[in-house]
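# Give me a 3D structure for the following:
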Amino acid sequence: MKFFRTVLFLSFVLAATGAFAQSSSELKRRRDKLSDELEQLNREYQETASNKKVSLKQLNILKAQINLREEKIVNINSEVRNLDNQISQSNNTVRTLQSQLDQLKKEYAGMVLFAYRNQSAYNKLMFIFAAKDFNQAYRRLKYLQQFGTYRERQAGYIQGTQKDLNIKIVELDKDKKQKNNLLTEQEKEKETLGKEKNNQVKVIVDLSKHQGELKQQQRDVQKRIAQARRQIDIAIRKEIEDARREAEAKAAAAAKIAAAKAKAENRDVAPPVKKAINKSSTNSEVLNATPEATKLSNDFLGNRGRLPWPVANGQLVHGFGTYTDSEGIRNDNPGYEIRTGAGAAVRAVFEGEVTKLVDVSGTYLVIIKHGEYFTAYSNLKSVNVAKGQKVSTKQSIGTVATDPGSGEAEVIFCLYKGSAPVNPKLWLADN
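Below you'll find the model as predicted:
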């Protein structure tokens with residue numbers, strides 16, 4: 001019975017360890033990704049630092065490095081806490097296994113002593129013949145036979161428990177070493193973080209000497225974003241109105257044909273199976289007026305939280321919503337501002353149709369329709385798609401532009417349901 005309790009306990013421990021391992025694996029994957037991104041940013045920073053003139057790009061890279069390094073330190077803290085839980089669990093398991101092993105050895109020693117005292121055939125026969133009747137003698141014979149088998153089984157339990165104990169001790173030592181390595185790495189990250197923050201202060205001081213120029217650069221960027229947003233709003237409203245007129249025209253033509261047919265057959269006109277699009281119809285009804293559009297909308301919705309990023313590698317500069325920049329200026333961001341490498345390919349996040357290409361202050365804006373959803377990609381240096389073209393998921397639609405003043409290569413990605421902007425965070429997969 002004790003053995004089965006041990007088995008149940010070990011099963012629980014293994015299940016808990018599996019859960020920890022999964023979490024540890026995810027944390028390690030995130031830490032490795034953060035390390036890769038930090039290396040990329042460090043290379044970019046070294047390139048900008050070689051230029052004697054301090055630029056806004058240096059400051060932005062430092063900000064991104066500091067944010068990522070702080071996130072990495074938090075990630076390491078989570079890994080350490082996870083390991084602490086595993087170490088505590090392993091210590092409990094080792095104590096339980098050791099207790100079980102001691103008990104098994106004690107029971108086995110008692111059996112060995114009993115077997116030693118009754119090892120001769122004479123003693124065994126006397127034990128059997130001393131029975132009161134035949135039934136008791138038979139039971140004593142079976143007991144002696146089963147006793148030998150049970151003793152062998154107990155020896156196997158002892159070996160198995162000893163093996164489990166040794167494995168758990170090795171795992172415990174491994175976890176402790178891993179924890180020490182993580183703590184060492186964490187200290188290095190904190191030291192580097194301190195240096196980066198000092199560098200940030202120095203860069204800010206140097207940049208303050210060119211405050212007017214920097215403010216102008218930021219105003220230019222915000223102006224371009226505002227222009228792109230106006231173009232997006234205009235394009236989507238036009239798309240909805242065009243779809244409404246087309247659906248109304250189709251409905252009117254279908255009603256005319258039905259009326260003519262009913263008149264020829266001398267009967268009343270049957271009511272339409274589907275509600276016709278009219279001026280009171282919602283944007284969703286208008287944009288989903290056809291089966292193809294409805295399917296595309298449903299497919300897009302079905303991939304919520306799993307859509308790829310519009311660039312293969314990038315860091316989020318500003319997220320959706322209101323934020324205040326370094327100059328204290330309040331900005332309303334309609335989507336994601338994503339920093340990436342110069343000349344990086346910009347790609348469609350889902351299949352759809354290109355509905356708009358427009359020049360915005362020397363850069364391009366591309367709008368793609370996905371049923372009742374729209375995605376917009378602005379600040380493109382070049383485009384390789386045309387209006388009306390069907391595109392597939394992750395298909396390249398152009399390359400990102402680099403701002404000549406700041407040296408930043410950023411793409412602005414926006415997502416709309418009808419004419420309403422929505423937060424891309426709820427739709428894009430973890431980068």
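# so residue 179 sits right up against residue 84, yeah?
Yes - using CB atoms under 8 Å, residue 179 is in contact with residue 84, at 7.3 Å. Quick note: C-beta positions are derived from backbone N, CA and C, even for glycine.
# Give the buried residues for stretch 364-384.
Judged by neighbour count using 16 or more other CB atoms under 10 Å, the buried positions of stretch 364-384 are 364-381, 383.
# Now do the domain split for the chain, please.
What automatic domain parsing lists as the domains of the chain is 2-208, 214-266+284-426.
# Just give me the lowest mean pLDDT stretch among the ones you listed.
Among those, domain 2-208 carries the lowest mean pLDDT, a mean of 72.
# ok, which stretches of the protein are strands?
For the chain, the strands defined by DSSP state E occupy 315-318, 321-324, 330-333, 336-339, 345-347, 352-360, 363-370, 373-383, 390-391, 396-400, 410-417, 420-422.
# Among the ones you listed, which comes closest to residue 188?
Residue 188 lies closest to strand 315-318 among the strands of the chain, at 21.5 Å (CB to CB).
# which residues are in contact with that closest one?
Strand 315-318 is contacted by residues 37, 41, 60, 64, 68, 331, 333, 336-340, 410, 431 when judged by CB atoms under 8 Å, 6 or more residues apart in numbering.
# and which of those residues is nearest to residue 204?
Nearest to residue 204 among these, with distances taken as CB to CB, is residue 60, at 11.7 Å.
# which residue packs closest to that closest one, ignoring adjacent ones?
residue 408 (6.3 Å; CB to CB, 6 or more residues apart in numbering).
# And for residue 192?
residue 69 (6.5 Å).
# repeat for residue 293
residue 371 (4.7 Å).
# Give me the phi and psi for that neighbour.
Main-chain dihedrals, residue 371, degrees, to the nearest 10: phi 70, psi -120.
# Residue 289 is in contact with that one, correct?
No - the pair residue 371 / residue 289 is not scored as a contact, 10.4 Å apart, by CB under 8 Å.
# Mind listing residues that contact stretch 189-204?
Outside of stretch 189-204, the residues within contact range by CB under 8 Å, 6+ apart are 54, 58, 59, 62, 63, 65, 66, 69, 70, 72, 73, 76.
# Identify, from the residues you listed, the entry nearest to residue 235.
Distance to residue 235 across the contacts of stretch 189-204 (CB to CB) is lowest for residue 63, with 32.6 Å.
# Quick one: neighbours of the closest one, just the number.
By other CB atoms under 10 Å, 16 other residues sit near residue 63.
# Next, the contact list for it, please.
Applying CB under 8 Å, 6+ apart, the residues near residue 63 are residue 200.
# Please tell me how far it sits from residue 404.
Separation of residue 63 from residue 404 (CB to CB, to the nearest Å): 21 Å.
# Can you name the residues that contact residue 31?
Residue 31 touches 72, 75, 76, 79, counting by CB under 8 Å, 6+ apart.
# Going by distance to residue 101, which of the residues you listed wins?
The nearest member of those to residue 101, counting by CB to CB, is residue 79 at 31.6 Å.
# isn't the closest one right next to residue 26, touching?
No - applying CB under 8 Å as the test, residue 79 and residue 26 come out as separate, 10.0 Å apart.
# Same drill for those two, tell me which one is more crowded.
Between residue 79 and residue 26, counted using other CB under 10 Å, residue 79 has the larger neighbour count: 22 against 14.
# how close does the residue nearest to residue 186 when sequence neighbours are not counted sit to residue 42?
In this structure, residue 186 finds its nearest non-sequential neighbour in residue 76, 4.6 Å apart by CB to CB, 6+ apart. Note on residue 76: its distance to residue 42, by CB to CB, is 18 Å.
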